[in-house]
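>>> build me a model:
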Amino acid sequence: MNAKNILLFCIIGFVVTVLQSCEDDNGSEDFGNNQINEWILDMMETYYLWNEKIPSETDKNLFPADYFESLIYKEEDKFSWIQENFTELMESLVGIDTEPGYDFNLYALTDKSPRLVGGFITYVKPNSPAAATNLRRGQYFTHINGKEVNEENYRTLLDELNQPHKLTVVDLEKETKQDISFQLVKYEENPLLLDSIYNFDDRKVGYLVYNFFSDDPGDGSLKYAKQLNDVFGKFKARGINELVLDLRYNYGGSLSTATKMSSMISNCSTTDVFLHLQYNRLLNQYYEQVDGSDYNKLYFVNSIESEAINQLGLTTIYVLVTNRTASASEIVINGLKPYATVVLVGLTTYGKPFGSVTFYEEDEEKQQYNKWGMQPIVVRFTNSLNNADYLDGFQPDVESNEVDDVPFKQLGDINEKMLRDALIKMGINKSWFSESTLRSGKSAFGKPIWSSADRKPVRRNTYINDIKL
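This is a model prediction of the structure:
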């Protein structure tokens with residue numbers, strides 16, 4: 001086995017993607033589960049954070065997914081996974097999926113067993129098949145292909161969303177119900193969903209909805225990172241003095257992008273430590289020998305290629321969070337905490353300070369027989385103060401749940417529940433807001449029981465570039 005070129009490092013919160021080559025002396029004609037499992041074991045014994053917990057005796061005749069599972073240290077690892085097609089995995093990391101183009105959370109609608117379940121549309125992706133329909137944020141569906149969704153059948157019915165399908169959609173504002181059909185396409189999502197600037201008397205507030213972290217769609221162009229820098233350039237030119245960063249639906253993504261964003265927000269320099277990376281004992285020794293005592297330090301940045309970072313220099317930031325806020329999103333929060341006051345508005349975050357590596361077969365001939373991609377946890381992330389105590393998630397400073405205002409206001413509307421609560425927390429006078437929304441109380445829906453982000457394991461992951469072995 002010959003380890004080569006780690007190109008992407010993913011956090012499950014962090015996914016790191018590694019190009020890997022596996023030499024097989026038996027030849028491709030004999031390539032089967034045993035050879036694939038040998039490759040899996042080799043990677044796990046070298047990179048897995050809990051490699052010392054791998055069983056000494058393993059059954060290499062198992063199906064690769066079962067074999068991988070047999071190696072996992074289940075007392076601490078609920079994040080590592082494997083899947084059969086590494087190409088689909090890598091595309092998902094940068095926001096490319098075959099999908100209709102809508103995002104949703106599932107909530108229980110009734111108390112009577114089996115409870116009925118509704119899928120509340122959180123946002124519709126621009127230029128997607130869903131965007132060409134009447135589907136809008138705040139509507140919710142009750143049926144999939146004519147079948148009513150409840151707590152007993154929802155997991156089975158959700159599988160039908162992987163094909164062309166029909167939803168029965170309720171619009172509370174219009175008091176209508178309609179069937180909407182959806183096709184699926186290979187869709188390239190831009191993580192930048194919305195940015196706005198609000199003027200409140202002497203306050204200028206920037207607002208950014210950012211739904212995953214990615215520098216680009218996998219083509220090396222850095223176009224998403226540069227677009228993000230342009231948004232911060234606009235914020236800087238307009239002189240904003242407050243920022244609301246909306247990460248409520250952000251499941252993670254590129255550590256490189258998370259570092260860039262954190263650098264844009266803060267007043268930190270390239271000599272300030274953003275994160276520490278902690279590997280297994282074997283890798284820690286190797287990296288320290290090769291790179292010296294600073295091997296595990298990641299610093300803030302001041303440029304994207306030759307383009308200077310547009311830095312706001314804020315010492316307070318307001319972040320909208322939910323239980324879907326994971327991985328790289330939590331890295332931004334944790335990495336900024338030593339340098340700024342980070343005010344969290346929403347629900348408790350997911351809780352994932354770990355990172356994983358995507359391994360796949362680099363040799364194109366061997367890829368005919370081994371298309372597996374796997375993400376074992378290989379690293380733990382701490383901030384500059386060596387803190388990473390959020391395995392149970394970050395608790396909000398202000399509890400806020402968007403379903404307390406049903407139907408949802410549109411994202412960017414200052415009367416939208418979570419944005420409004422953040423603005424009030426920062427001291428914006430309540431006279432700016434609709435009196436009816438200020439009177440809203442808690443809904444009966446509580447926290448979502450499932451979301452569209454749960455449909456793929458790469459969600460709640462983040463990847464890092466240019467790690468070398």
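>>> what's the burial count for the nearest residue to L161 once chain neighbours are set aside?
Of all residues not flanking L161 in the chain, I144 sits nearest, at 6.9 Å (CB to CB, 6 or more residues apart in numbering). Every residue, glycine included, has its C-beta placed from N, CA and C. Around I144 there are 21 other residues, counting by other CB atoms under 10 Å.
>>> which residues are in contact with I144?
Taking CB atoms under 8 Å, 6 or more residues apart in numbering, we find I144 in contact with 157-158, 160-161, 165-168.
>>> from the residues you listed, which would you call buried?
Buried subset of those (neighbour count, 16 or more other CB atoms under 10 Å): 157-158, 161, 165, 167-168.
>>> which of those residues fall within strands?
Mapping those onto strands (DSSP state E) picks out 165, 167-168.
>>> please enumerate the helices of the stretch 201-350 of the chain.
223-237, 255-265, 281-291, 328-336 (DSSP state H, counting those that start in this stretch).
>>> comparing the ones you listed, which comes out most buried?
Per residue and on average, the most neighbours among the helices of the stretch 201-350 of the chain fall to helix 328-336, with a mean of 29 (mean count of other CB atoms under 10 Å).
>>> how about low-confidence regions in the protein?
Applying pLDDT under 70 to the chain picks out residues 1-31, 440-444, 456-469.
>>> how about a cut-off of 80?
Within the chain, the set of residues satisfying pLDDT under 80 comprises 1-31, 93, 357, 436-447, 455-469.
>>> how about the helices of the stretch 1-150 of the chain, start to end?
Assigned by DSSP H, counting those that start in this stretch, the helices in the stretch 1-150 of the chain fall at 33-47, 64-71, 86-93.
>>> output the last one as CSV, nothing but the C-alphas.
Presented in CSV, the C-alpha positions along helix 86-93 are these (Å, rounded to 0.1, in the frame of the first residue of the first chain):
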residue,chain,number,x,y,z
PHE,A,86,-16.6,7.6,-3.7
THR,A,87,-17.5,9.8,-6.7
GLU,A,88,-20.9,10.5,-5.3
LEU,A,89,-19.4,11.1,-1.9
MET,A,90,-16.9,13.7,-3.1
GLU,A,91,-19.5,15.5,-5.2
SER,A,92,-21.8,15.7,-2.1
LEU,A,93,-19.0,17.3,-0.1
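>>> ok, S329 - contacts?
When contacts are counted by CB under 8 Å, 6+ apart, S329 touches 213, 247, 250-252, 258, 321, 349.
>>> return the member of those nearest to R439.
Closest approach to R439 among these (CB to CB): V321, at 24.4 Å.
>>> next, the buried residues of the helix or strand containing K186.
K186 is part of strand 185-188, with elements assigned from DSSP states H and E. Buried residues in strand 185-188, defined by neighbour count with 16+ other CB under 10 Å: 187-188.
>>> could you point out which element follows that strand?
Downstream of strand 185-188, the first helix or strand assigned by DSSP H and E is strand 192-200.
>>> that following strand: which residues count as buried?
Buried residues in strand 192-200, counted by 16+ other CB under 10 Å: 192-195, 198, 200.
>>> over to stretch 106-115?
106-109.
>>> over to stretch 349-366?
For stretch 349-366, burial by neighbour count (16+ other CB under 10 Å) applies to 349-363, 366.
>>> perfect, that will be all.
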